[in-house]
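Asks: Below is the structure, and that's it, no one-letter string:
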C-alpha cells in the first residue's frame, strides 16, 4: 500500500506527528458529524487531502509563559 501524500510532506505542514494526527482526527470527526460529501473517500483520507491541498489550516495555540521562582 502506498501512502499518498507521504507522511514526510505532511510533517512539513504541521510541526510534529502528534499534532498531525490530532488535526487529522479532529477534522475527520467534523466531516463525519456534518455528513459532508466526501466524494466516496473515508473521512480520514478526505481530511489528509484537505491538509495537503492547503484547504485545512492549522493555527497553533499560544502556550502561556510560566515563571518559576525558588524562594
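Replies: Everything's here; your move. This structure is a prediction, so every number in the text was calculated from the model and none was measured. Numbers count the residues shown, from 1 in each chain.
Asks: Skipping adjacent residues, who's closest to the residue nearest the centre of the chain in space?
Replies: The residue lying closest to the centre of the chain (Cα atoms, centre = their mean) is residue 23, at 2.6 Å. Counting by Cβ to Cβ, 6 or more residues apart in numbering, residue 58 is the residue found nearest to residue 23 once chain neighbours are left out, at 5.4 Å. Where C-beta positions appear, they are placed from N, C-alpha and C, glycine not excepted.
Asks: give me the number of residues near that neighbour?
Replies: 13 (other Cβ atoms under 10 Å).
Asks: List the buried residues in stretch 48-65.
Replies: By neighbour count with 16 or more other Cβ atoms under 10 Å, stretch 48-65 contains the buried residues 48, 49, 50, 51, 56.
Asks: typed the wrong thing, it's stretch 31-41
Replies: Neighbour-count burial for stretch 31-41 [16+ other Cβ under 10 Å]: residue 31.
Asks: Now tell me what touches it from outside.
Replies: 43, 46, 47, 49 (Cβ atoms under 8 Å, 6 or more residues apart in numbering).
Asks: which among these gets closest to residue 63?
Replies: residue 47 (24.7 Å; Cβ to Cβ).
Asks: Quick check, pLDDT for the closest one.
Replies: Here the pLDDT value assigned to residue 47 is 92.
Asks: Which residue, other than its chain neighbours, is closest to it?
Replies: residue 27 (3.9 Å).
Asks: which residues touch that neighbour?
Replies: 43, 47, 50, 51, 56.
Asks: for the host helix or strand of residue 10, the distance to its chain's centre please.
Replies: Using DSSP states H and E, residue 10 sits in helix 7-13. Chain-centre distance of helix 7-13: 10 Å, with Cα atoms, centre = their mean, to the nearest Å.
Asks: Tell me which residues of it come out buried.
Replies: So for helix 7-13, counting by 16+ other Cβ under 10 Å, buried means 10, 13.
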